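In: how does the following fold in three dimensions:
(one chain, ligands or ions: 1)
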Amino acid sequence: EIGLQYGADRLGKRYDAAMQKFRENRLGAFIHWGLYAIPGGEWNGQVYNGAAEWLKSWAKVPAEEWLQLMKQWNPQNFDAKKWAKMAKDMGVKYVKITTKHHEGFCLWPSKFTEYTVTNTPYKKDILGELVKAYNEVGIDVHFYFSVMDWSHPDWRYSIKNQEDEIAFQRFLAFTDNQLKELATRYPTVKDFWFDGTWDESIKKNGWWTAHAERMLKELIPGVTVNSRLRADDYGKRHFDSNGHLMGDYESAYERRLPDPIKDLQVTKWDWEACMTLPENQWGYHKDWSLSYVKNPVEVLERIVHAVSMGGNMVVNFGPQADGDFRTEEKEIAKAIGKWMQKNGECIYACDYAGWEKQDWEYYTHKKNSVYMIVFNRPYSKQLTVKVPKETQIINAVLLNGEKMKVTETARNEYNVGVPKQDFQEPFVIKLEIKSSKTSTNKYQEALT
Ligand SMILES: Cc1ccc([C@@H]2N[C@@H](C)[C@@H](O)[C@H]2O)cc1
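Out: Reported below is the predicted structural model:
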């Protein structure tokens, strides 16, 4: 291994209570809310089909013009308690909120920039209201924070000369001040999820990324930090030059998931994926007909896929400028919540089962139960289950208690029957398993 000053601070998973809670939460929601919600993807009469929170970039709007939108920031329908109820009813255990996105507009009254809620018609501390409302209903709050800040004159994409170097060090000091502000104003925050850290300027300042993680962990013992913040001594990101994961969990799965057969390496560390409901919209876009919008089962499939491989899933919502949510998002949140109400025990505090994935889809594991989450009903009416050596299935029950037939079909192979009724939605079978040393020799492998 090569010597690193700014590589991974720890090897292997964290097992302290705060990280256990992060891991057992499993299902979260993202909130992307900022000035970009006002134009909603349209600028000077032209609708851009790129991500709405990047409209400033697509329409090439200068920062001072873009930030004029602050004059219109006045979400009259914003009600933090309603947002908290929507999240509670959806069954999410945590919510990640954009404190500041690339545009530089802060949802909290930061003292280190004028571009904050304070200097808008709305005036009030939106972030503070949300932290309070979510925490009151037992939902953990995580902070999304974009290091890249298009509003700040000292931001640099690369460091070309001494002037850039001096400006960027000022920028990093400004960023430190904002992070300290967030950590001290909102001490119940459980996680910092950094974004906007892919540019040359950050990769050349790996020291700062290690410092930022260490500073936050001093200010808030137990807080978690994502791998995307981190660059090591040589600019290597997420995993350091020795291949060790930096931060507390891998955060590279954005709008994509590890393959359940080929990418089993992810089961060795903690990771969290995040996803959009349209193909690629995080902030509010007025026209969702421009791309495919996932239906509730497609969202559930991604949530279960992540948990089946030992990861968390964060489903994104982009509130409207008025502070309410669009109907499509309310409906998806309700549908997910309905399913989670009945089946959540196969998600919360569950992990990778280590069994070979089958076509009917995913396993999750908790204590001495393995859950089968069936997305594809087979015409055979039989669900193939291949168990690891010396593992026996004792019984199989639907979560509503209905017993399912279990038939041993070959060595370490079983058929589990499907329920008579077609629920018209994914269903969950809970297997009780035990390890069995006795291996009968009644099965003869073919000689070929
Ligand atoms: C190329 C690209 C840059 C930034 C992003 C941001 N990360 C997501 C979590 C959103 O915040 C999106 O704006 C997405 C794609």
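In: can you show me the strands along the stretch 251-400 of the chain?
Out: 271-275, 311-317, 361-366, 369-374, 382-386, 391-398 (DSSP state E, counting those that start in this stretch).
In: nearest to the ligand: which residue in the stretch 201-350 of the chain?
Out: Distance from the ligand to each residue of the stretch 201-350 of the chain (CB to the nearest ligand atom) is smallest for Trp282, at 4.1 Å. Where C-beta positions appear, they are placed from N, C-alpha and C, glycine not excepted.
In: tell me the pLDDT at the residue nearest to that residue when sequence neighbours are not counted?
Out: Closest residue to Trp282 apart from its sequence neighbours, by CB to CB, 6 or more residues apart in numbering: His32 at 4.1 Å. His32 is assigned 99 on the pLDDT scale.
In: go on, Gln444?
Out: For Gln444, pLDDT reads 87.
In: relative to Tyr122, how far out is it?
Out: Separation of Gln444 from Tyr122 (CB to CB, to the nearest Å): 75 Å.
In: okay, and Ala133 sits in which element?
Out: Assigned by DSSP states H and E, Ala133 falls within helix 126-136.
In: meant to ask about Lys180
Out: Per DSSP H and E: helix 162-185 holds Lys180.
In: spatially nearest residue to the residue in the stretch 1-150 of the chain that the ligand sits nearest to (excluding sequence neighbours)?
Out: When scored by CB to the nearest ligand atom, the stretch 1-150 of the chain has Glu53 as its residue closest to the ligand, at 4.6 Å. Of all residues not flanking Glu53 in the chain, Gly283 sits nearest, at 3.2 Å (CB to CB, 6+ apart).
In: returning to what we had before: residues contacting the residue of the stretch 1-150 of the chain closest to the ligand?
Out: Taking CB atoms under 8 Å, 6 or more residues apart in numbering, we find Glu53 in contact with 32, 34, 36, 101-103, 282-283, 318.
In: do His142 as well
Out: 28, 94-97, 189-193, 224.
In: how about the helices in the stretch 1-150 of the chain?
Out: 17-25, 55-58, 63-66, 80-90, 126-136 (DSSP state H, counting those that start in this stretch).
In: and the third one, how far out from the chain middle?
Out: Centroid displacement of helix 63-66 relative to its chain, using CA atoms, centre = their mean, to the nearest Å, is 30 Å.
In: ok, stretch 274-285 next?
Out: Centroid separation for stretch 274-285 versus its chain: 13 Å, with CA atoms, centre = their mean.
In: now that stretch: buried residues?
Out: By 16 or more other CB atoms under 10 Å, the buried positions in stretch 274-285 come out as 274-278, 281-285.
In: ends of it, what's the gap?
Out: Terminal residues of stretch 274-285 are spaced 18 Å apart (CA to CA, to the nearest Å).
In: coming back round to it: what are the phi and psi values for the residue nearest to Glu53?
Out: Phi and psi for Gly283, reported as degrees, to the nearest 10, are phi -80, psi 170.
In: distance-wise, check it relative to Gly41.
Out: Counting by CB to CB - Gly283 and Gly41 are separated by 8 Å.
In: now for these two: what residues contact both?
Out: Common neighbours of Gly283 and Gly41 (CB under 8 Å, 6+ apart) are 52, 55.
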